[in-house]
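# Kindly return the folded structure for what I paste below:
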Amino acid sequence: MAPILRPPIRVCVLVALSQAIVTLSLSYGPSSYAPPGAFPTSLYDSYYNDPTATSAQPQPVISDPVLHKVFVPELTDPRTIPQNDTRDLHLLPSPASGKSLLQVAKAQFGWMAANGLLSSDKCKGCVLILQLAQFISQAAPEQGPPLLEFICQEMKLSDKCAAQFGPTSFGSVLTQVFAKADVQGYDGQLICNGFFAGSCPLPPTPPLNLTGWFAKPKPNPLPAPKMPSGERLKVLHLSDFHLDPRYATGSEANCSAAQCCRDNTFNANSPNQTLFPAPRYGSYLCDTPFSLAAAALEAIPPLTGTEQTGFAWTIFTGDLVSHDPENQQSRDYVMYEERVVYDLFKRTLGPGPVYVALGNHDTYDQHQAAPHSLGGAEAEQFSWSVFLVCLSFKGIGDIPCRNYDHVAGLWKLEDWLPGSAVLQARSHYAAYSVQRRDGLRLISLNSDFCTPNLFNYINLSIPDKSGMLRFLTDQLQDAEDVGDRVWIIGHVPTGWDATDALEVPSNLCGVDRFSPHVIANIFFGHTHEDMFSIYYTNNGTNQTAQTAITTSWIGPSVTPFTNLNSGFRVYEVDSATFDIVDAHTWRSDVNSYPGLDGQTEFGPSYVYEYSTRAAYGKNITWDANAPLNATWWHLVTERTSFLPPPAFTNFQTKQSVHTRPCTGSCITAKICYMRSGSSSISIQNCAPGFGTAGG
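Coordinates of the predicted model:
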């Protein structure tokens, strides 16, 4: 497949493909680009295998200057995938005191006596199970994982109960949670609703008490908005890279249990013969192989016209680790991925800084983060590598204690963050704030504390047990005091269809208080799809163009998983206001990848997909240089005859061949999601079940 190459053209020609009506000053590259098909072996000094072979993915020798170690080949060899990590520590809570056990026993007895052991009420039955799990977790925590395995088997929750709920997997985490959660109250109701097939109805979101939360009231009138400079900066948005160093070219790409393209997966209808060999550059049910990762990063500079200049800055909204099941992961595997991906960004994207937010997969145990409020060793259980040293010295200096220390050390190594932000990242769960000299403050959050992170189910009615949102609010207040504009980056969206963020913490983000004069834009990833959400005053009680205050841009993923094309986005940003004036998205057709096997002349093509202003602004009266702010996006949602089908749903999947059509109730639901900045708003207003468009 030959690449479609054209001379460099101005963006007005590109957006004309999507009915552009304005001429912009920034220039871009060709409308499509296909890098050479051979893997660029110069990326690394040495390899564990032959990197020029097309039958296997490259296995580079990776060293970590923060850890002072070289990762062994067995860590990523697709033929030696471990089933359980036995090297790292898996903490269990200390046994509770006799007095505590007595109180729990009395509470259990009273509840069972009042409700009956053989109750047919599914919710009461679920809470009874949680009470039993809590008793064991407190009285004999070493028996917590075996009990959970037994419950899993008896309830047929999984066919891999030991691997998923054993002591070297989520069994230890759940034992900690059950030991401390209010299983008879709000915590238990949410656990049963979210993890036991909705056995309990979703309880109402507790009212949010903001008394004393904000140091100052919102200014009235608001400060005069900053005047646009007319100068536009190019800013790259990457998300959900999900590099799979264990990707096995030629393995089953249509397996029965994700993720596919691994030597240990197969199709249940053909266990002994591969039905769809995994293409060298990836497939729809698989994560990003090295070949696709290199091709995507190689295509970005020429397509965006940044080969000589680089970007003003890049944002990466998280998830660089592959979707391995918990029993195949380890701390070394996560740190390997962190080292590889950040290094690739540094060496391919130019001199501008990359601002990173951790994703829910970017830790081990995956999806988990323990708040400092747990206290003791449990609060420090994400201290890695030199665990005992860290407990003694609190992670001072350059000792890579927690994963947060490791990533902060890598960001320091790449010269992306100032020293103050590095220190913040080490002590604030990898969250940090960068006060740039140009008047922009960029705040990166660890969104695991707003998601179904299991540790969040301990006293969930408290909206900020971790202190993450306190950190955000204080930074926003400081930005308001000095006149900074703010970009917030995180991984998991706070709203949309309410399947990802928990209601209580997503209500406490401070967006209303600090918008639109402080917060310019918010950026997320996680869904792998191209989407957006609008925030309104008064927590969305009145949704109009006049009450719309801020937008979250949910970036497309590099990984094709699941059933999506690969993509990335570039924003055109005013250098004074830091508003987005336009956004441009590129995609690569994963359906074409099988045709690239057997040759090395061309790699996968990334092609220009659309201009946001041109694609969505067709029927909106809007000044050519006015920002694409929340008011503009609300007007977009009012054009139901044009949105979502065909434009939004097709863009959502990056025009994947697996895109499901959206008509009738789907249109209404998606527009409701677009207007839902928090999960509680979505739950209250929107029909569930239409959040994703990938087939």
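
# Could you check how far stretch 283-293 is from the centre of its chain?
The chain centroid and the centroid of stretch 283-293 are separated by 17 Å under C-alpha atoms, centre = their mean, to the nearest Å.

# And it, end to end?
Chord length of stretch 283-293, first to last residue, is 13 Å (C-alpha to C-alpha, to the nearest Å).

# Can you list the buried residues in it?
283-293 (16 or more other C-beta atoms under 10 Å). Quick note: C-beta positions are derived from backbone N, CA and C, even for glycine.

# now swap in stretch 328-344 and tell me
Across stretch 328-344, burial judged by 16+ other C-beta under 10 Å covers 328-344.

# quick revisit: secondary structure and pLDDT added to the buried residues of stretch 283-293, as TSV?
TSV is the format used below for these (DSSP: H, G, I helix; E, B strand; the rest coil; pLDDT from 0 to 100):
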residue	secondary structure	pLDDT
283	coil	97
284	coil	97
285	coil	97
286	coil	97
287	coil	97
288	strand	98
289	coil	98
290	helix	96
291	helix	97
292	helix	98
293	helix	97
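
# element containing the closest residue in space to residue 622 that isn't next to it in sequence?
Counting by C-beta to C-beta, 6 or more residues apart in numbering, the nearest residue to residue 622 once its immediate chain neighbours are dropped is residue 632, at 6.0 Å. Counting by DSSP states H and E, the element that carries residue 632 is helix 630-638.

# residues in contact with that helix?
With contact meaning C-beta atoms under 8 Å, 6 or more residues apart in numbering, helix 630-638 is reached by 515-516, 532, 534-536, 543-546, 548-551, 616-617, 620, 622, 626, 643, 671, 674-675.

# Report the buried members of those residues.
Buried members of those, counted by 16+ other C-beta under 10 Å: 515-516, 532, 534-536, 543, 548-551, 616-617, 622, 643, 671, 674-675.

# still on that earlier bit, in helices only, show me the contacts of helix 630-638.
The helices, defined by DSSP state H, take in 616, 671, 674 from those.

# Generate TSV for those residues, with distance to residue 447 and pLDDT as supplementary columns.
Listed next are the ones in helices among the contacts of helix 630-638 as TSV, based on distance: C-beta to C-beta, whole Å; pLDDT from 0 to 100:
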residue	distance to residue 447	pLDDT
616	26	91
671	24	92
674	20	95
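
# any idea which of those residues is closest to residue 486?
residue 674 (22.2 Å; C-beta to C-beta).

# So that closest one versus residue 185, what's the distance?
Relative to residue 185, residue 674 is positioned 34 Å away (C-beta to C-beta, to the nearest Å).

# returning to what we had before: quick check: next helix or strand after the helix holding residue 632?
Downstream of helix 630-638, the next assigned helix or strand under DSSP H and E is helix 647-652.

# then stretch 609-619 to CSV, C-alphas only?
Written as CSV, here are the backbone C-alpha positions of stretch 609-619 (Å, rounded to 0.1, in the frame of the first residue of the first chain):
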residue,chain,number,x,y,z
GLU,A,609,-9.7,12.9,9.8
TYR,A,610,-11.4,16.2,10.6
SER,A,611,-11.2,19.8,11.9
THR,A,612,-13.4,20.2,15.0
ARG,A,613,-14.5,23.7,14.1
ALA,A,614,-15.4,22.8,10.5
ALA,A,615,-17.0,19.4,11.3
TYR,A,616,-19.2,20.6,14.2
GLY,A,617,-19.7,24.3,13.4
LYS,A,618,-21.5,24.1,10.1
ASN,A,619,-24.8,25.5,11.4
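
# And it, what's buried?
Under the neighbour-count criterion of 16+ other C-beta under 10 Å, stretch 609-619 has 609-617 buried.

# So, low pLDDT: which residues of this protein?
Low-confidence segments of the chain (pLDDT under 70): 1-25, 98-99, 101-103, 105-120, 382-402, 507, 509-510, 640-646.

# which ones are touching the closest residue to residue 328 other than its chain neighbours?
Once flanking residues are discounted, residue 328 sits nearest to residue 81: 5.5 Å by C-beta to C-beta, 6+ apart. Contact analysis of residue 81 by C-beta under 8 Å, 6+ apart lists 246, 262-264, 324, 328.

# so which pair among these is furthest apart in space?
The largest separation in the contacts of residue 81, counting by C-beta to C-beta, is between 263 and 324 at 13.1 Å.

# These two: which is more packed in?
residue 324 (21 against 17; other C-beta atoms under 10 Å).

# Is that one in a helix, a strand, or coil?
Put simply, residue 324 is coil when judged by DSSP: H, G, I helix; E, B strand; the rest coil.

# right, and it touches residue 330 too?
No: shown here, residue 324 and residue 330 do not form a contact pair, counting by C-beta atoms under 8 Å, at 9.5 Å.

# shouldn't residue 580 be in contact with residue 552?
No: here residue 580 does not reach residue 552: they are 11.7 Å apart, not a contact under C-beta under 8 Å.

# Quick check: neighbours shared by the two?
Residues touching both residue 580 and residue 552 (C-beta under 8 Å, 6+ apart): residue 521.

# Which residues belonging to stretch 265-276 are considered buried?
Of the residues in stretch 265-276, 265-267, 276 count as buried by neighbour count, 16+ other C-beta under 10 Å.

# Ends of that stretch, what's the gap?
End-to-end distance for stretch 265-276, by C-alpha to C-alpha: 12 Å.

# Identify the residues contacting it?
For stretch 265-276, the surrounding residues in contact (C-beta under 8 Å, 6+ apart) are 250-257, 259, 283.

# Format the CA atom coordinates belonging to stretch 481-491 as PDB.
C-alpha atoms of stretch 481-491 as PDB (Å, rounded to 0.1, in the frame of the first residue of the first chain):
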ATOM      1  CA  ASP A 481      -5.100  34.900  43.000                       C
ATOM      2  CA  VAL A 482      -2.200  35.400  40.500                       C
ATOM      3  CA  GLY A 483      -4.200  35.600  37.300                       C
ATOM      4  CA  ASP A 484      -3.100  32.300  35.700                       C
ATOM      5  CA  ARG A 485      -5.200  30.300  33.300                       C
ATOM      6  CA  VAL A 486      -5.400  26.600  34.000                       C
ATOM      7  CA  TRP A 487      -5.500  23.400  32.000                       C
ATOM      8  CA  ILE A 488      -6.500  20.300  34.000                       C
ATOM      9  CA  ILE A 489      -5.400  16.900  32.800                       C
ATOM     10  CA  GLY A 490      -6.500  13.500  34.100                       C
ATOM     11  CA  HIS A 491      -7.300  10.000  32.800                       C
END
